[in-house]
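K.L.:
can't give you the sequence, but here's the structure:
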């Protein structure tokens, strides 16, 4: 059975350094929840507090509604998958999976049966008697998951388990992990600095910076409706312009920048007198041979990058402001060349004004 995890005003201090700063979140039973953020933002420290390897300086960790204060790791209904997997090279695969059951005194026949059941679950039905060295990277990942599931945890904790894999295998394992989680209905709490992993796999994502939880939302809202400048800049690409709010018209505001005055919508908590930045996703920045009626700025194309499924066009305006726009690689777009003159055109509803630090520079976890 799965269990929910509640962090209630959790703080973790190491001497004078505060690694996690007053974090509160309620993770539902059976949810795939990811903590996303740059290295050193505090996300692994949170995982260690949930697993019981460290105790929070302040606040409560509850699993299944029970306060875990003082409970050791082996007393908690959790299983932790490390970045390096920590499989035993001299044991066959089935013994790796059943190791936790052996520690608990389960007899060999039952251990073998449970290992084979889990191997079928992770789509490795013929791997029971293989050595770990005979497996591919993706197969080792699945064995590590099966070993963690063998002890029937209510909560699975995963600390960047895909970071050592190549791109194609990471993409494949994202789908595998998501499918295994949905089949087992175990609560998954996933730690990553890779926005693609978090957005693709998670039911909800918590974005962290400097030990603070910046936003918790479904992936679509994290990307389309960021809570502040940090979330917008860390999750996905953006064109970012600095300026001042000068007026309001038709539900949008006017935003004066050195490159011109543009209409945009106000982001969460942004008042008209606030110092804000304009954030515009590249997919909403259209290149045109003519000036637009709403938001438009003349630019010169500086580079064209072929990205496979889309083409990224870099340009600069007369004030030195750089822009990135994207075109689908479907044959319909006319792609300019380096040095061509164009206009960046965008709709005000796609440009959002946000406040907050956009730096991803953090401290060590």
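P.N.:
Everything's here; your move. Because the structure is predicted, anything quoted here is derived from the model rather than measured.
K.L.:
show me the helices in the stretch 201-350 of the chain, by range?
P.N.:
All helices of the stretch 201-350 of the chain, identified by DSSP state H, counting those that start in this stretch, fall at 219-224, 229-234.
K.L.:
so for residue 20, which of these sits nearest?
P.N.:
helix 229-234 (16.4 Å; Cβ to Cβ). In this view, the C-beta of every residue, glycine as well, is placed from N, C-alpha and C.
K.L.:
show me the chain divided up by domain.
P.N.:
5-229, 237-354 (automatic domain parsing).
K.L.:
hey, which of those is tucked in deepest?
P.N.:
domain 5-229 (a mean of 18; mean count of other Cβ atoms under 10 Å).
K.L.:
coming back round to it: got TSV for the domains of the chain, with mean pLDDT too?
P.N.:
Formatted as TSV, the domains of the chain follow (pLDDT from 0 to 100):
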stretch	mean pLDDT
domain 5-229	92
domain 237-354	92
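K.L.:
how near is residue 69 to residue 47?
P.N.:
For residue 69, the distance to residue 47 (Cβ to Cβ, to the nearest Å) stands at 17 Å.
K.L.:
how about the contacts made by the residue lying closest to residue 236 once chain neighbours are set aside?
P.N.:
Distance criterion Cβ to Cβ, 6 or more residues apart in numbering; nearest residue to residue 236, sequence neighbours excluded, is residue 223 at 5.8 Å. By Cβ atoms under 8 Å, 6 or more residues apart in numbering, the contact set of residue 223 is 199, 235-236.
K.L.:
go on, residue 273?
P.N.:
residue 245.
K.L.:
and it, how far from residue 349?
P.N.:
In terms of Cβ to Cβ, residue 273 sits 22 Å off from residue 349.
K.L.:
just residue 328 next, same as before
P.N.:
Separation of residue 328 from residue 349 (Cβ to Cβ): 21 Å.
K.L.:
phi and psi next, for the nearest residue in space to residue 197 that is not next to it in sequence.
P.N.:
Nearest non-adjacent residue to residue 197, counting by Cβ to Cβ, 6+ apart: residue 174, 6.0 Å away. Main-chain torsions, residue 174, degrees, to the nearest 10: phi -60, psi -50.
K.L.:
any idea how far residue 266 is from residue 174?
P.N.:
Residue 174 is 34 Å from residue 266, by Cβ to Cβ.
K.L.:
okay, now stretch 176-190: how far is its last residue from its first?
P.N.:
From its first residue to its last, stretch 176-190 covers 14 Å (Cα to Cα, to the nearest Å).
K.L.:
and what of stretch 244-256?
P.N.:
Termini of stretch 244-256 sit 5 Å apart (Cα to Cα).
K.L.:
so which residues make contact with stretch 107-123?
P.N.:
When contacts are defined by Cβ under 8 Å, 6+ apart, stretch 107-123 is touched by residues 93-95, 97-98, 101-102, 106, 125, 127-128, 142-143, 145-146, 149-150, 176, 180, 183-184.
K.L.:
who does whichever strand or helix holds residue 189 touch, helix- and strand-wise?
P.N.:
Assessed by DSSP states H and E, residue 189 sits inside strand 187-192. Judged by 3 or more Cβ pairs under 8 Å, 6 or more residues apart in numbering; DSSP states H and E, strand 187-192 is in contact with strand 32-36, helix 43-51, strand 155-159, helix 167-184, helix 195-201.
K.L.:
repeat that with 7 Å
P.N.:
The contact analysis (3 or more Cβ pairs under 7 Å, 6 or more residues apart in numbering; DSSP states H and E) places strand 187-192 against strand 32-36, helix 43-51, strand 155-159.
K.L.:
just the angle between the longest one and strand 155-159, please?
P.N.:
In this structure, helix 43-51 runs at an angle of 150 degrees to strand 155-159, with axes from the mean of the first three to the mean of the last three Cα atoms, to 10 degrees as the basis.
K.L.:
any idea of the angle helix 43-51 forms with strand 187-192?
P.N.:
150 degrees.
K.L.:
the stretch 1-150 of the chain: strands as residue ranges?
P.N.:
5-14, 17-27, 32-36, 58-63, 66-67, 78-81 (DSSP state E, counting those that start in this stretch).
K.L.:
make CSV from the ones you listed and add distance to residue 229 to it.
P.N.:
As requested, these are exported to CSV (distance: least, Cβ to Cβ, whole Å):
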stretch, distance to residue 229
strand 5-14, 24
strand 17-27, 18
strand 32-36, 16
strand 58-63, 27
strand 66-67, 36
strand 78-81, 33
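K.L.:
which stretch among these comes nearest residue 319?
P.N.:
Of all these, strand 32-36 comes closest under Cβ to Cβ, at 33.3 Å.
K.L.:
which residues sit against the closest one?
P.N.:
27, 43, 46, 178, 181, 188-192, 195, 198, 201-208 (Cβ atoms under 7 Å, 6 or more residues apart in numbering).
K.L.:
okay, the angle between it and strand 5-14?
P.N.:
Going by the same axes, to 10 degrees, strand 32-36 makes 20 degrees with strand 5-14.
K.L.:
name every strand pairing with strand 32-36 and say which way it goes.
P.N.:
Using DSSP bridges, strand 32-36 pairs in its sheet with strand 187-192 (parallel), strand 204-209 (parallel).
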